[in-house]
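A.B. asks: Compute the structure for the input listed below.
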Amino acid sequence: MYIAAPGKEFADASQIDRAGVKVGVSRGGGSDQILSRALKSALVVRVQGGVPNAVEALRTGEGGVGGQPCHP
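C.D. replies: All right, here's what the predicted structure looks like:
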């Protein structure tokens, strides 16, 4: 699951891994480990302090998308 920052629109998850897209994750968490390997073009922005700080990064523009991989 990805949460887009205000003003960012993505039709689906396949549009996330593009140049110029920033994905905020909690530093060292499961999202960091998985998305750092999976994303080839998007920039992974590691935020210290967990989910609340990652959400704040979305609000301030540090990250354009908040990433949390979701497995079926």
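A.B. asks: How far away from the center of its chain is the helix or strand hosting Val23?
C.D. replies: Using DSSP states H and E, Val23 falls within strand 22-26. Its chain's C-alpha centre and that of strand 22-26 lie 3 Å apart, by CA atoms, centre = their mean, to the nearest Å.
A.B. asks: Counting by contacts, list what it packs against.
C.D. replies: Contacts defined by 3 or more CB pairs under 8 Å, 6 or more residues apart in numbering; DSSP states H and E place strand 22-26 against helix 30-38, strand 43-47, helix 51-60, strand 65-67. The way it works is simple: take the backbone N, C-alpha and C, and place the C-beta from them, glycine included.
A.B. asks: and the ones you listed as CSV, adding distance to Ala5?
C.D. replies: Listed next are the helices and strands packed on strand 22-26 as CSV, based on distance: least, CB to CB, whole Å:
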stretch, distance to Ala5
helix 30-38, 16
strand 43-47, 11
helix 51-60, 4
strand 65-67, 7
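A.B. asks: Tell me the spacing between the most centrally placed residue in the chain and Glu56.
C.D. replies: The centroid of the chain falls nearest to Val23 when counting by CA atoms, centre = their mean (2.6 Å). Distance of Val23 to Glu56, computed by CB to CB, to the nearest Å: 15 Å.
A.B. asks: Same question for Ala5.
C.D. replies: Distance, Ala5 to Glu56, using CB to CB: 11 Å.
A.B. asks: Report the angle between the strand holding Val23 and strand 43-47.
C.D. replies: Strand 22-26 and strand 43-47 are oriented at 30 degrees to each other (axes from the mean of the first three to the mean of the last three CA atoms, to 10 degrees).
A.B. asks: Could you number the chain from 665 rather than 1 from now on?
C.D. replies: Fine by me, first position is 665 from now on; the one you just mentioned is strand 686-690.
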